[in-house]
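Visitor: Build me a model from this:
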Amino acid sequence: MEYSQITQFIVDQNVPAQTLALLLLLPVVATLASFFRQVVGIKAFGIYTPSIITFALLAFNPNGLKYGIVIFISVIFIGMVTRYALRRARLLYLPRVAITLSVISFSMLGVLIIGGSLNRTGLAGVSIFPLLIMITITEKFVAVQLEKGTKVALILAAETLGISLVGYVLISWQAFILFILAYPWTVLLTIPLNILLGKWTGLRLSEYVRFSRILSQK
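Guide: Residues are numbered from 1 along each chain as shown. Here you go, the predicted model:
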């Protein structure tokens, strides 16, 4: 692999090339989430959540994307069920979230045990860090669920997963990774691109679909 002088210098300082690539890809993923929000009109759970979920999906073993999706959906489902189960307890928000995280942790442990007993090595061998990232999105889901309702929370969760999958495809594309390492300065282009996105005043694509009847009458 041929690195640029900047990349080679950083690697020579004992910084792993993979770590460098991931750090350079983070602004790209964040800009992708920003684009979906400003231009397409997909809100998701902000920018940070789909970005970090993208890297969590990448952290699963090479053939484990399906396990990442299953765990994401399972976490959301268990969090939703636990929240309903705790409604009558009338607990304060933080203790309720703590109990929810505990239930999800035990549930995920059960899933890993079942995966191991069924020789699903991809599931049983899931790294702890992407698993913890998946579990922590529960707080975001519960907060939206309390504020805006279950339907909105589920829609935002689906949008978050959708953006994360697009980001996963991009940052797992080997040719793109090699390009970033060969031309790391191109990541700086995300700054002016986000400035343009920040000044976006046109209709979002989702709004064109939503108001298509009104626009067609003009």
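Visitor: the helices in the chain, which residues?
Guide: 5-12, 17-35, 48-59, 65-85, 93-117, 121-124, 128-148, 150-171, 174-182, 190-198, 205-210, 212-216 (DSSP state H).
Visitor: so of those helices, which one's packed in deepest?
Guide: Mean neighbour count, computed with mean count of other CB atoms under 10 Å, is highest for helix 48-59 among the helices of the chain, reaching a mean of 22. Any C-beta I mention is one placed from the backbone N, CA and C, and that applies to glycine too.
Visitor: quick one: that helix to helix 150-171, angle?
Guide: Put simply, helix 48-59 runs at 50 degrees to helix 150-171, going by axes from the mean of the first three to the mean of the last three CA atoms, to 10 degrees.
Visitor: Distance from helix 48-59 to the middle of the chain?
Guide: Centroid displacement of helix 48-59 relative to its chain, using CA atoms, centre = their mean, to the nearest Å, is 4 Å.
Visitor: Extract the CA atoms of it and return them as PDB.
Guide: Extracted in PDB, the C-alpha atoms of helix 48-59 (Å, rounded to 0.1, in the frame of the first residue of the first chain):
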ATOM      1  CA  TYR A  48     -23.400  11.300  16.800                       C
ATOM      2  CA  THR A  49     -25.600   8.300  17.200                       C
ATOM      3  CA  PRO A  50     -25.700   7.100  13.600                       C
ATOM      4  CA  SER A  51     -22.000   7.900  13.300                       C
ATOM      5  CA  ILE A  52     -21.000   5.700  16.200                       C
ATOM      6  CA  ILE A  53     -23.400   3.000  15.200                       C
ATOM      7  CA  THR A  54     -21.700   2.900  11.800                       C
ATOM      8  CA  PHE A  55     -18.300   2.200  13.400                       C
ATOM      9  CA  ALA A  56     -20.000  -0.300  15.800                       C
ATOM     10  CA  LEU A  57     -21.200  -2.200  12.700                       C
ATOM     11  CA  LEU A  58     -17.800  -2.100  11.200                       C
ATOM     12  CA  ALA A  59     -16.300  -3.500  14.500                       C
END
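Visitor: The helices of the chain: which one's closest to Ile42?
Guide: helix 150-171 (4.7 Å; CB to CB).
Visitor: Provide a list of residue ranges in this protein with pLDDT below threshold.
Guide: Applying pLDDT under 70 to the chain picks out residues 1-2, 61-64, 119-126, 202-218.
Visitor: before we move on, back to that, reformat the helices of the chain as a markdown table; add distance to Gly41.
Guide: Output for the helices of the chain, formatted as a markdown table (distance: least, CB to CB, whole Å):
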| stretch | distance to Gly41 |
| --- | --- |
| helix 5-12 | 36 |
| helix 17-35 | 11 |
| helix 48-59 | 14 |
| helix 65-85 | 22 |
| helix 93-117 | 29 |
| helix 121-124 | 35 |
| helix 128-148 | 17 |
| helix 150-171 | 10 |
| helix 174-182 | 25 |
| helix 190-198 | 13 |
| helix 205-210 | 3 |
| helix 212-216 | 13 |
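Visitor: List the contacts of Tyr93.
Guide: Shown in contact with Tyr93 (CB atoms under 8 Å, 6 or more residues apart in numbering): Leu146.
Visitor: Centre of the chain to stretch 145-155, how far?
Guide: On CA atoms, centre = their mean, the centre of stretch 145-155 falls 18 Å from the chain's centre.
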